[in-house]
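Enquirer: For reference, the sequence and a predicted model appear below.
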Amino acid sequence: MAWGYLFPTACVFAVLSRKQPLTRKTKSRMPSSTVPDFNSIAPVYDLMAKLVFGKAQQQAQAHFLSLVPANARVLILGGGSGWILPELLRQSNPGYVLYLEPSPKMVGKAQDRLAKVATETEVEFRLGTEKDLLPHETFHVVLTPFVLDLFSPDQALGMMQRLSQALLPGGLWLHTDFCTPKTQPLWQKLLLWGMYRFFRVVSHISARGLPPFEALFQEIGYKTRHDAFFYAGFIRAQVLQKSGIPPQGTNWA
């Protein structure tokens with residue numbers, strides 16, 4: 001199925017590989033050079049994803065959103081254009097959402113999406129990364145949708161450790177990303193290689209391949225409670241839980 005998407009995707013990649021000047025409409029500090037830059041492809045990122053994966057990425061990210069407890073404090077790191085926000089608010093009723101995203105253009109798109117949604121949930125948009133979390137901030141749920149794959153294993157581990165510090169005991173981590181089955185088809189290997197090559201050029205990501213997510217989560221003490229696979233096993237959605245007793249009165253159903 002993926003072969004039918006490769007040619008149009010390659011054409012899009014070729015066009016977008018021509019770097020264009022970036023503009024900023026914010027006075028927030030510039031992200032460090034280690035932060036991938038998605039400003040140049042923000043206008044067409046969702047289109048690119050649909051060309052390659054159809055609805056699989058969105059289905060995977062939305063699959064476990066109903067597990068977010070009512071009134072929970074939720075952190076979304078690297079949510080991109082923000083399509084996940086209306087879906088989160090449709091499937092659950094969090095009390096507060098921090099949308100933490102390093103791309104100004106992606107934040108703008110996410111704000112535009114939220115403006116069309118009627119909700120009583122408090123949503124804060126913050127330009128930055130996990131390094132811009134405040135020391136006292138804590139959350140019941142953390143979401144990392146297709147973000148940890150942009151970094152080397154050491155960088156990903158550092159990010160995960162910081163996010164874990166902000167997650168309350170017993171908290172849930174909804175992680176969605178690509179995975180590599182033991183018997184990975186050739187088309188998946190080629191597609192993964194092409195994506196990393198493209199994003200290293202266009203968005204300056206540091207990763208050259210997928211981090212060992214399973215080993216990294218085990219290293220910081222997380223266990224998988226639920227998982228589901230999409231796109232012929234190429235995409236995995238996980239619900240992991242932090243050890244410890246959840247805050248009193250919290251329902252982790």
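Expert: Great, that's in hand. Numbering: from 1, shown residues only.
Enquirer: what ranges do the strands span in the stretch 51-200 of the chain?
Expert: Here the stretch 51-200 of the chain has its strands, by DSSP state E, counting those that start in this stretch, at 73-77, 96-101, 122-127, 139-145, 167-178.
Enquirer: who does the longest one pair up with?
Expert: For strand 167-178, the paired strands and their directions (DSSP bridges) are strand 139-145 (parallel), strand 235-242 (antiparallel).
Enquirer: so it versus strand 73-77, what angle?
Expert: 40 degrees (axes from the mean of the first three to the mean of the last three C-alpha atoms, to 10 degrees).
Enquirer: Buried residues, strand 167-178. List them.
Expert: L167, L168, G171, L172, W173, L174, H175, T176, D177, F178 (16 or more other C-beta atoms under 10 Å). (C-beta placed from N, C-alpha, C; glycine too.)
Enquirer: Just give me the residue closest to the centre of the chain.
Expert: P145 (2.2 Å; C-alpha atoms, centre = their mean).
Enquirer: Show me what that residue is bridged to.
Expert: T176.
Enquirer: Give the full set of residues in contact with it.
Expert: The contact partners of P145, taken as C-beta atoms under 8 Å, 6 or more residues apart in numbering, are Q61, I76, G78, G79, G80, I84, L174, T176, D177.
Enquirer: Then V239?
Expert: With C-beta under 8 Å, 6+ apart, V239 has these contacts: F64, L67, L172, W173, L174, T224, R225, H226, D227.
Enquirer: start to end distance for stretch 132-147?
Expert: 16 Å (C-alpha to C-alpha, to the nearest Å).
Enquirer: Pull out the buried residues from that stretch.
Expert: Those would be L133, F139, H140, V141, V142, L143, T144, P145, F146, V147, for stretch 132-147 by 16+ other C-beta under 10 Å.
Enquirer: now that stretch: how far from the chain's centre is it?
Expert: 11 Å (C-alpha atoms, centre = their mean, to the nearest Å).
Enquirer: go on, stretch 159-177?
Expert: Its chain's average C-alpha position is 12 Å from that of stretch 159-177, according to C-alpha atoms, centre = their mean.
Enquirer: Could you do stretch 168-179 as well?
Expert: Using C-alpha atoms, centre = their mean, the offset of stretch 168-179 from its chain centre is 11 Å.
Enquirer: swap in stretch 206-217?
Expert: That offset, for stretch 206-217, works out to 14 Å (C-alpha atoms, centre = their mean).
Enquirer: Pull the CA coordinates from that stretch and hand them back as PDB.
Expert: Presented in PDB, the C-alpha positions along stretch 206-217 are these (Å, rounded to 0.1, in the frame of the first residue of the first chain):
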ATOM      1  CA  SER A 206      19.900  15.000  14.800                       C
ATOM      2  CA  ALA A 207      18.600  11.400  14.600                       C
ATOM      3  CA  ARG A 208      19.700   8.900  12.000                       C
ATOM      4  CA  GLY A 209      17.300   6.200  13.000                       C
ATOM      5  CA  LEU A 210      14.600   5.300  15.500                       C
ATOM      6  CA  PRO A 211      15.700   5.400  19.200                       C
ATOM      7  CA  PRO A 212      15.200   2.100  21.100                       C
ATOM      8  CA  PHE A 213      12.000   3.300  22.700                       C
ATOM      9  CA  GLU A 214      11.200   0.100  24.600                       C
ATOM     10  CA  ALA A 215      14.700   0.100  26.200                       C
ATOM     11  CA  LEU A 216      14.500   3.800  27.000                       C
ATOM     12  CA  PHE A 217      11.100   3.500  28.700                       C
END
